[in-house]
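Student: when you get a sec, could you give me coordinates for this:
(one chain, ligands or ions: 1)
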Amino acid sequence: MTMILNNKRILLGVSGSIACYKALDLTSKLVQNGAIVDVIMTEAACKFITPLSFQSISRRPVFTNLWDSGHGDIGHIEMGNSTDLAIIAPATANMIAKLAHGLADDLLTTTILATKAKVIVAPAMDGNMYYHPLVQENINKLVKMGIIIVGPNEGRLASGLISKGRLSEPYEILGHIRAILGKGGDLKGKKIVVTAGGTQEPIDPVRIISNHSSGKMGYALAEIARDRGAEVILVTAATALPIPVSVEIVPVKTAADMHIAVEKSLENADALIMAAAVADFRPTILSNQKLKSDKQNLNLSLTKNPDILGTVKGNFIKVGFAAETQSLETNARKKLLEKDLDFIVANNIIEIGSGFGSDTNRVVILDKKGSINALPTLSKQEIAEQILDKIVEIIQ
Ligand code: C5P
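Tutor: A predicted model of the protein is given here:
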């Protein structure tokens, strides 16, 4: 659950494309995060899926008709006024053309004209249609009007054609919604560098030394800092997580790569949050051929990696993580002092509901003034909010 969507009024317009089914998933994700979703479907959209499908997920009436009884003829004005953000997903070529020319011949187009809220349009159509000069011209018109266009993505289309025209994935659209809603947040104007994932130290062209870090904590931090208005650079080692939108991504492999990327990203930064699990050692020699497996023993010589957090210096808030299996507070305080941190987030990774890969964590936050804050088991998103609250507090 992310705070930014809680109690926000989202108007979701659905026009007639086979990609309608993805709008159901988007509705579900919005509702799960606390948003109040008003769905308006065009007549063509109702040929693909029924209003009941949306209604079952949004648990609110779904509107399809400008003249719906009970809704009144000022319904579109009221909906337009009360919404925090409007999104049309999927938006067909016809819908885009109507928006570009200010037509208002159905409930959705009328409501979009009546809203002052930000509007996102996520096109979906066949590739040849998408590249048609008229469609491109209409999309450019929408961009000039300040409408945000998300996608479409490249890939296999319903016609079998491999081209641009696929509706963006619901998590991508959700990322854009969160980023737009968060623009004026309490981290507005601040630059935050976050690291995530476990670095990979190559032994030979096939093998690596790595760790169990999933990257979930770092990605949650990057996304929530973005939701709160920050400019975010995410320096990320390999993870299996979807790439966050509206965040600058710097992919790295090794600790040495991460060190260079972090140093570079820190220019004018207000905070560095090192959530990455940096390998402490790397193989001294990188074999350029695959090591043979016909031996009974193999001795690897390892060399210490640079301590990124302990080395970087500057006028920014330094936050570290300490993954421990024993003497949590003592070890974390030692790291806090050694690495000269503003605060450290310590967790015992062998506790249930804590540590690598888990969606939750139980952490203790220790700061340089000596305060200790032991939090209950929380989702990684909730922990990210607490960490960012502390950063806001220090900045102020
Ligand atoms: O590995 P250790 O427990 O010392 O990590 C504590 C903190 O230091 C973490 O925030 C980690 O990202 C960071 N670290 C680092 N460079 C290393 C090792 C750890 O920046 N070589």
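Student: run the chain-centre distance for stretch 164-175.
Tutor: Remark: stretch 164-175 is offset 12 Å from the chain centroid, using C-alpha atoms, centre = their mean, to the nearest Å.
Student: for that stretch, list the C-alpha coordinates in PDB.
Tutor: Below are the C-alpha coordinates for stretch 164-175, written out as PDB (Å, rounded to 0.1, in the frame of the first residue of the first chain):
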ATOM      1  CA  LYS A 164       4.300   0.000 -31.200                       C
ATOM      2  CA  GLY A 165       0.700   0.100 -30.000                       C
ATOM      3  CA  ARG A 166       0.500  -2.000 -26.900                       C
ATOM      4  CA  LEU A 167      -1.200  -0.400 -23.900                       C
ATOM      5  CA  SER A 168       1.500   0.400 -21.200                       C
ATOM      6  CA  GLU A 169       1.400  -2.200 -18.400                       C
ATOM      7  CA  PRO A 170      -0.800  -1.300 -15.400                       C
ATOM      8  CA  TYR A 171       2.200  -0.900 -13.100                       C
ATOM      9  CA  GLU A 172       3.800   1.600 -15.500                       C
ATOM     10  CA  ILE A 173       0.500   3.600 -15.700                       C
ATOM     11  CA  LEU A 174       0.300   3.400 -11.900                       C
ATOM     12  CA  GLY A 175       3.800   4.700 -11.600                       C
END
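Student: which parts of it are buried?
Tutor: Going by neighbour count (16 or more other C-beta atoms under 10 Å), the buried part of stretch 164-175 is 164-170, 172-175. From N, CA and C alone the C-beta is placed, and that goes for glycine too.
Student: try stretch 206-216
Tutor: Residues of stretch 206-216 classed as buried: 208-211, 213-216 (neighbour count, 16+ other C-beta under 10 Å).
Student: close to the ligand: what parts of the stretch 201-350 of the chain are there?
Tutor: Taking C-beta under 6 Å from any ligand atom as the contact definition, the stretch 201-350 of the chain meets the ligand at 255, 274, 276, 278, 280, 305, 307-309, 320-323, 335.
Student: among these, which one has the most neighbours?
Tutor: A276 (28 neighbours; other C-beta atoms under 10 Å).
Student: hmm, back to that, the residues of the stretch 201-350 of the chain next to the ligand in helices, which ones?
Tutor: 255, 308-309, 335 (DSSP state H).
Student: pLDDT and distance to L328 for the residues you listed - can I get that in a markdown table?
Tutor: What follows is these, written out as a markdown table (pLDDT from 0 to 100; distance: C-beta to C-beta, whole Å):
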| residue | pLDDT | distance to L328 |
| --- | --- | --- |
| A255 | 97 | 24 |
| I308 | 97 | 22 |
| L309 | 96 | 18 |
| K335 | 95 | 11 |
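Student: please parse this protein into its domains.
Tutor: Following automatic domain parsing, one finds the domains of the chain at 3-180, 185-395.
Student: what's the mean pLDDT across the first one?
Tutor: In this model, domain 3-180 has an average pLDDT of 93.
Student: ok, now stretch 383-391?
Tutor: 97.
Student: now check it, is it near the ligand?
Tutor: No. Shown here: stretch 383-391 not in contact with the ligand (C-beta under 6 Å from any ligand atom), separated by at least 11.8 Å.
Student: can you give me the helices for the protein?
Tutor: 20-32, 45-48, 51-58, 75-82, 93-100, 107-114, 127-130, 133-144, 170-181, 216-227, 255-265, 308-311, 328-338, 380-395.
Student: packed most tightly, which of those helices would that be?
Tutor: Highest mean neighbour count of these: helix 216-227, a mean of 28 (counted as mean count of other C-beta atoms under 10 Å).
Student: okay but Q32 is in contact with T2, surely?
Tutor: No. When contacts are counted by C-beta atoms under 8 Å, Q32 is not listed as touching T2 (9.5 Å).
Student: next, give me the two most distant ones among the buried residues of stretch 206-216.
Tutor: Greatest spatial distance in the buried residues of stretch 206-216: I209 and K216, 21.1 Å, computed using C-beta to C-beta.
Student: and I4, what does it touch?
Tutor: Neighbour list for I4: 33, 178, 181-182, 185, 224, 227-228 [criterion: C-beta atoms under 8 Å, 6 or more residues apart in numbering].
Student: check S28 too.
Tutor: S28 sits next to I57 when contact means C-beta under 8 Å, 6+ apart.
Student: E351 against R362, yeah?
Tutor: Yes. Shown here, E351 and R362 form a contact pair, counting by C-beta under 8 Å, at 6.0 Å.
Student: the two: which is more packed in?
Tutor: Legend: neighbour count by other C-beta under 10 Å for E351 and R362, higher for R362 (19 against 14).
Student: need the contact list for the more buried one.
Tutor: Contacts of R362 (C-beta under 8 Å, 6+ apart): 347-348, 351, 353-354, 375-378.
Student: output those residues in a markdown table; the columns should cover pLDDT and distance to V262.
Tutor: Below are the contacts of R362 laid out as a markdown table (pLDDT from 0 to 100; distance: C-beta to C-beta, whole Å):
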| residue | pLDDT | distance to V262 |
| --- | --- | --- |
| N347 | 89 | 22 |
| N348 | 80 | 26 |
| E351 | 73 | 29 |
| G353 | 69 | 30 |
| S354 | 70 | 26 |
| L375 | 93 | 26 |
| P376 | 93 | 31 |
| T377 | 92 | 30 |
| L378 | 93 | 27 |
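Student: which of the residues you listed count as buried?
Tutor: With burial judged by 16+ other C-beta under 10 Å, the buried subset of those is 347-348, 354, 378.
Student: show me which of those is closest to the ligand.
Tutor: Set against the ligand, the nearest of the buried ones among the contacts of R362 by C-beta to the nearest ligand atom is N347 (10.8 Å).
Student: what about the residue lying closest to the closest one once chain neighbours are set aside, how many residues close to it?
Tutor: Of all residues not flanking N347 in the chain, V363 sits nearest, at 4.5 Å (C-beta to C-beta, 6 or more residues apart in numbering). V363 has 26 neighbours, counted by other C-beta under 10 Å.
Student: from D389, how far off is V363?
Tutor: When distance is defined by C-beta to C-beta, to the nearest Å, V363 is 13 Å away from D389.
Student: could you do L181 as well?
Tutor: To D389, L181 is 18 Å away according to C-beta to C-beta.
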